[in-house]
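**Q** Here is a sequence with its predicted model. Questions after.
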Amino acid sequence: MRYLSFLDAAGSRRVGAVESGSSATIRDLTDLLPAGAGSPIRRLIGGVPAGDVATLLARAPEVDAATTTALPVVPDPTKIVAAPVNYRAHQSEMNESAHIDALGVFLKAPSSVLPTGGTVRLPYTDRRFDQEGEFAAVIGRTTRNVSEQEALDAVFGYTGLMDMTMRGGEDRSVRKSFDTFTPLGPTVVTPDEVPPVDELELRLSVNGVLRQRADLSDLIWSLPRLIAYVSSVMTLHPGDVVTTGTPEGVGEVFDGDRIDLGITGLDPLWVDVTDSGAVACPTRGARRGPVPPRELTPVAERGAR
């Protein structure tokens, strides 16, 4: 099943289900959910057993998608946990001496999420900003100290994520947490509808030009290992997002750009970019930190490596 968050015509947050290959009609589950804290999709994830969903769907009213406004698939995760340098080719292009083994993970602000079709707002006129496409998991149950062998049992579903990034020496959680810097969605797809993670392919383009193409099998830390590690550090809650890191092919984005992300089995995520309202940066990290490539890394198509 595929789930999405949206605003109805009255501006209320809702959660719905859509069938594969159909986006015109949404089954609105919101009024059938148990009471609880958080957005409707978090109440769905944390409060409705998977076996009860079919019963809810049979009772859920249909909504015309044209009358709705997209939200980030999880509008209010309690945390977004991200993996730095989790592809070796990305480590090389960024001239990084270390990868995830030494760096661990970092947090992105939940307030940075953005829906598909939204606009990434570049805050500064004098800093470099790059696109990073990633594959992410949405956590399905409260999870602490899960084993690597059982980690995928904690996953509710998968989604696309863009980790928009300001380059420089400031902490990662600052450089990647500006409002609009985490496009997320458009849907979360349950694992039964997605091929095994090691078989998935990620493709990201800017203005129709392919910049990133990667096989998820190339991750340094697999998704199970990543979730197991994160859960040893912090408790994961239903609706939290764990994202696996970006492959090589990162590059600078500018006002007027369009970014498209596609991942096998998932629905496409796209955003625009603007620098409207940008000002001079008040911090001095521009010439510090990881060194991004001056030129775009050539894309290696599947089977061409």
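**A** Yep, that arrived. Residues are numbered from 1 along each chain as shown.
**Q** List the buried residues of the helix or strand of the chain with the lowest mean pLDDT.
**A** Ranking every helix and strand in the chain by mean pLDDT, DSSP states H and E puts helix 88-93 at the bottom, with a mean of 78. Under the neighbour-count criterion of 16 or more other C-beta atoms under 10 Å, helix 88-93 has 90-91, 93 buried. Quick note: C-beta positions are derived from backbone N, CA and C, even for glycine.
**Q** Now Leu236: closest residue in space that isn't a chain neighbour?
**A** Thr143 (4.2 Å; C-beta to C-beta, 6 or more residues apart in numbering).
**Q** The one you found reaches Ile227, doesn't it?
**A** Yes - between Thr143 and Ile227 there is a contact at 7.4 Å, judged by C-beta atoms under 8 Å.
**Q** got any residues that touch both of the two?
**A** When contacts are counted by C-beta atoms under 8 Å, 6 or more residues apart in numbering, Thr143 and Ile227 are jointly contacted by 154, 236.
**Q** Look at those two and report which has more neighbours.
**A** Ile227 (27 against 23; other C-beta atoms under 10 Å).
**Q** Just say helix, strand or coil for the more buried one.
**A** Here Ile227 is helix, with the state taken from DSSP: H, G, I helix; E, B strand; the rest coil.
**Q** who touches it in this structure?
**A** Counted by C-beta under 8 Å, 6+ apart, Ile227 has contacts 137, 139, 143, 146, 148, 151-152, 154-155, 236, 242.
**Q** Give the partner strands of the helix or strand hosting Ala136 in its sheet and their orientations.
**A** Following DSSP states H and E, one finds Ala136 within strand 133-139. Strand pairing for strand 133-139, using DSSP bridges, gives strand 155-162 (antiparallel), strand 241-243 (antiparallel).
**Q** what about it, average pLDDT?
**A** Averaging pLDDT along strand 133-139 gives 98.
**Q** got the contact list for it?
**A** Contacts for strand 133-139 (C-beta under 8 Å, 6+ apart): 45, 73-74, 82, 154-163, 184, 188, 197, 200, 202-204, 212, 216, 223, 227, 236-247, 261, 263, 266.
**Q** Recalculate using a threshold of 6 Å.
**A** For strand 133-139, contacts defined as C-beta atoms under 6 Å, 6 or more residues apart in numbering pick out 154-159, 161-163, 188, 202, 204, 212, 216, 236, 240-244, 246, 261, 263.
**Q** so where's the chain shaky on pLDDT?
**A** 20-23, 303-305 (pLDDT under 70).
**Q** Which stretches in it count as helices?
**A** Along the chain, the stretches classed as helices by DSSP state H are 40-47, 53-59, 88-93, 100-103, 172-175, 223-233.
**Q** Keeping just the C-alphas, turn the first one into CSV.
**A** Going back to what we said before, that points to helix 40-47. Output in CSV follows, covering the C-alpha atoms of helix 40-47 (Å, rounded to 0.1, in the frame of the first residue of the first chain):
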residue,chain,number,x,y,z
PRO,A,40,-2.8,11.6,11.0
ILE,A,41,-0.1,9.5,9.3
ARG,A,42,1.8,9.1,12.6
ARG,A,43,-1.4,8.0,14.3
LEU,A,44,-1.9,5.5,11.4
ILE,A,45,1.6,4.2,11.7
GLY,A,46,1.7,3.9,15.4
GLY,A,47,-2.0,3.0,16.2
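**Q** Just the buried positions in it, please.
**A** 40-46.
**Q** Flag every buried residue along stretch 95-114.
**A** Neighbour-count burial for stretch 95-114, counted by 16+ other C-beta under 10 Å, picks out 96, 99-100, 105-106, 108-110, 112-114.
**Q** got the angle for the strand holding Ala136 vs helix 223-233?
**A** Angle of strand 133-139 versus helix 223-233, following axes from the mean of the first three to the mean of the last three C-alpha atoms, to 10 degrees, is 60 degrees.
**Q** what angle do strand 133-139 and helix 40-47 make?
**A** Using the same axes, to 10 degrees: strand 133-139 against helix 40-47 is 50 degrees.
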